[in-house]
Each structure stands twice: as structure tokens, then as C-alpha cells.
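# Okay, predicted coordinates and the sequence, questions at the end:
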Amino acid sequence: MNAEVPAIELKEVVAELGIEESVESLELHWEASQRVMNPHGLVFLSSEFIEDVHEKAYLPREIALKGVAAAELIADSPALSALAWHMHYCLFRTEGYPSENIRGWPYPQEALGSHTGALFTLVLLSGIPDMQAVHEKHRIPKKVVRDTLAQIKWGIDDHLRKDGAWGLRPYYVNWLMNHLTGRLYHLVRLQFQFNNFFAPLRIFRNRSDGRKLAMAEAGQRFRGDGQVLRAGDDEAGAWTSELTVTDAEVRGTAILPAGSAR
């Protein structure tokens, strides 16, 4: 395994790996990532790191060994090392990196063959130490973490069924970043994703007893059964919500706990 990973230009990387068509998805932050790349090798490509994060992600040793084999190929190629570091940098060292860029990342099968999917698994799992810090900060129970990270194994299994090889595709990485950054947790039967809420309703709380009531914003269209009227729905019996807020009262269309308006 090479001890040094020299900086390399993007045009050289895409040419050497045969991924010229993906250059646009890699341009953002490329120069910045290469400026801070460790010239002595990438920690997340070491066998010790790989086996440790696979264990912490509750992945079987068989998959970890596939990762170690892929990491050796990546570390021995300056172009692949630069690509792997750039992907890690974009995911875990920048803010607001576009999802469309991740989904557009190249799949360098010409250079890695059956180890290609493992590249994306290694890049994703390179964020496990950051993930642990987030979970510890918010005191997330170990069972919740394990249930949440089970999605990684599901993605790897799905890739094996579809591609006949271990690993992930870039679109899996894009989705699974929610699981590694504390934006999504699996609780009992469902997955809950934290995000801004844009539904046209307001929540009111009674200051005396703490009771809460959801009310639709004025002008929202509902079906006769109280569900939101969507394109293509039968408008027979449809109606429009009202909302009036004064110092004395709030009057309008309530949203019941079951999810329908009345």
C-alpha cells in the first residue's frame, strides 16, 4: 500500500478512471478537498478503521473484509484515493452539499470492477465517528442506533441482489446520510426524519392545561372526508378551511388527531 497520496487534478482523475461524463458532479469543492488531503494516506482506508466502523454499523465481518480488499486497491491508486477523499470531504466536511451531486457521482467500475460498490460503503462509513458524537450528544439509545443503521445492511443486500457485488450505489449514500447525521431515526416500526415542516397548519397550545390543537390555515381545500383535496380528486363535497385569530379566541378548521379536518 502506498505511503503517499499526491494531490491530483480533477481532469486527470476522470481521465484515468474513465468517468469523464461525471466531471460536473465532482467539480464542487474539488480544489478545496485536495488542498487538505493527507499526503500520507487516508485513515478511513486502513484495515483497523474499516473493521472498527463496520462493527459499529452492525455489519458482518464478511462485508468488512470486502471493504478491506477494496481499500487496498483504492489506496494504491492516487486517482481513486483523491476521489474517495473528495467524496468524504463533501459529505462530512461541508454544509449543504447538494443531493443531486451525490446521486450523480460516478461509479468507476472500469477501475475497481466488483469492488466498485465497496468504495461508496467505505466513504459512507468514514462518517461513523462523527455519527457517534451526534448520538452521544443527544443520548440516543443503542437499540435505536442499531435499528436505524440496519438500513445500511439493507442497502448493501439490495446492491448485491441487483449488481451481484457487495457495496452501495451513490443514491443509497445520499439517502443513508440521513441515518448517519442524526436527521432520521428508526423507532419501533417507522422511520422518523427531522426536517422543516411546511404543511399549511398552525399548532395552538392552551397555556393553562397544556392541551394542543392543530388548525388548518385559511383557504385550504379539503375533500368531504376531511382529507386534503389533491389534483385528480373528486371535488364533490369539497370545502375550504377558515381561520380567524383574535386576542379573545381562535376560530376555524380543526385537524383531528387521526389526521382529518373538520
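Looks like it arrived, so ask away. Note that the coordinates shown come from a computational prediction; the quantities given were computed from them, not determined experimentally.
# Which of the three states applies to the residue lying closest to residue 224 once chain neighbours are set aside?
Nearest residue to residue 224, sequence neighbours excluded (C-beta to C-beta, 6 or more residues apart in numbering): residue 237, at 3.0 Å. Any C-beta I mention is one placed from the backbone N, CA and C, and that applies to glycine too. The local conformation at residue 237, judged by DSSP: H, G, I helix; E, B strand; the rest coil, is coil.
# ok, how many other residues are close to residue 237?
10 (other C-beta atoms under 10 Å).
# Next one: it from residue 64, what distance?
58 Å (C-beta to C-beta, to the nearest Å).
# what's residue 234 in contact with, if anything?
residue 223 (C-beta atoms under 8 Å, 6 or more residues apart in numbering).
# Please identify which helix or strand holds residue 214.
Using DSSP states H and E, residue 214 sits within strand 212-216.
# Taking the centroid of the protein, which residue is nearest it?
residue 177 (2.3 Å; C-alpha atoms, centre = their mean).
# ok, for that residue, nearest residue in space, not its chain neighbours?
residue 91 (6.3 Å).
# name the helices or strands packed onto the host helix or strand of the one you found?
Per DSSP H and E, residue 91 falls inside helix 78-92. Applying 3 or more C-beta pairs under 8 Å, 6 or more residues apart in numbering; DSSP states H and E, we find helix 78-92 packed against helix 10-17, helix 30-35, helix 61-75, helix 99-103, helix 109-112, helix 116-125.
# So which bits of the shortest one are buried?
Buried residues in helix 109-112, counted by 16 or more other C-beta atoms under 10 Å: 109, 111, 112.
# residue contacts, the first one?
Right, the one you point to is residue 109. Residue 109 touches residue 116, counting by C-beta under 8 Å, 6+ apart.
# Please apply the same query to the second one.
With contacts defined as C-beta under 8 Å, 6+ apart, residue 111 is in contact with 16, 17, 18, 77, 79, 80.
# any idea how far the last one lies from residue 224?
Using C-beta to C-beta, one obtains 59 Å as the distance from residue 80 to residue 224.
# Fine, thanks again, bye for now.
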